[in-house]
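Q: For reference, the sequence and a predicted model appear below.
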Amino acid sequence: MFKKSDEAKHEQIKKKYAQSKTHFPEVPDISAQELNVRMEDENLVIVDVRTPEEQAISKIKGAITADEFEAKADQYRDKSIVCYCTIGHRSGLYTQQLMSRGFKAENLQGAILAWTHASGKLEDSSGETTKVHIFSKAYSLTAEGYDPVW
């Protein structure tokens, strides 16, 4: 069986994200590498817009759900917000909505899949994990060392 290299997987993530980006061209992006550098910023709020089932598998370390964000939205008015999902489509639309409400928000380019290629940390209810929820086998684009689950 042919196994894709991390480089080939990352290129596929970029292509899939570029297709989605046409739906929200005005939304600013942040790369996974840049987010990884900014992780210690106390002004940063990372919002996971995926479903609870996806979030139960893992989330970016320190991320909150969109529901948690919305429950305290006014607290985050002056924060830097980064949204993500699996590839970046749902989070791009959510980021667009936040921007229309006056929030300073960015979309994580390539989302959680790209995050794995930046050696980003993931957590579940038990602590650190390497599992990542994906839509289907076609989205099995995680970096080596991460475990796609669908």
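A: All right, it came through fine. Numbers count the residues shown, from 1 in each chain.
Q: ok, how many other residues are close to the residue lying closest to Leu141 once chain neighbours are set aside?
A: Among residues not flanking Leu141 along the chain, Lys9 sits closest, at 4.3 Å (CB to CB, 6 or more residues apart in numbering). Yep, even glycine has a C-beta here, placed from its N, CA and C like the rest. Residues lying near Lys9 (other CB atoms under 10 Å) number 20.
Q: Toward the C-terminus, what is the element adjacent to whichever strand or helix holds Lys9?
A: Following DSSP states H and E, one finds Lys9 within helix 6-21. Going down the chain from helix 6-21, the next helix or strand is strand 29-30, by DSSP H and E.
Q: one step back: buried set for the helix holding Lys9?
A: Across helix 6-21, burial judged by 16 or more other CB atoms under 10 Å covers Lys9, His10, Gln12, Ile13, Lys16, Tyr17, Ser20, Lys21.
Q: likewise stretch 134-142?
A: For stretch 134-142, by 16+ other CB under 10 Å, it's Ile134, Tyr139, Ser140, Leu141, Thr142.
Q: So what touches it?
A: 4, 9-10, 12-13, 86-87, 113, 116, 132, 148-150 (CB atoms under 8 Å, 6 or more residues apart in numbering).
Q: between those residues, which is nearest Lys59?
A: Val132 (9.7 Å; CB to CB).
Q: Now do stretch 6-23, average pLDDT.
A: In this model, stretch 6-23 has a mean pLDDT of 96.
Q: Run through who's touching it.
A: 4, 27, 29, 87-89, 92-93, 109-111, 113-114, 117, 141-144.
Q: What's the PyMOL syntax to select whichever of those are buried?
A: Command for PyMOL, covering only those of the contacts of stretch 6-23 found buried under the criterion 16+ other CB under 10 Å:
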select buried, resi 27+29+87+88+89+92+93+109+110+111+113+114+117+141+142+143
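Q: Okay, and which of the contacts of stretch 6-23 map to strands?
A: Taking DSSP state E, the ones among those that sit in strands are Asp29.
Q: Pull the contacting residues for Thr130.
A: Contacts of Thr130 (CB under 8 Å, 6+ apart): Leu122, Gly145, Tyr146, Asp147.
Q: quick one on the thing from earlier: could I get the buried residues of helix 6-21 as TSV with distance to Arg50?
A: Shown next, in TSV, are those (distance: CB to CB, whole Å):
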residue	distance to Arg50
Lys9	19
His10	20
Gln12	19
Ile13	16
Lys16	16
Tyr17	15
Ser20	14
Lys21	18
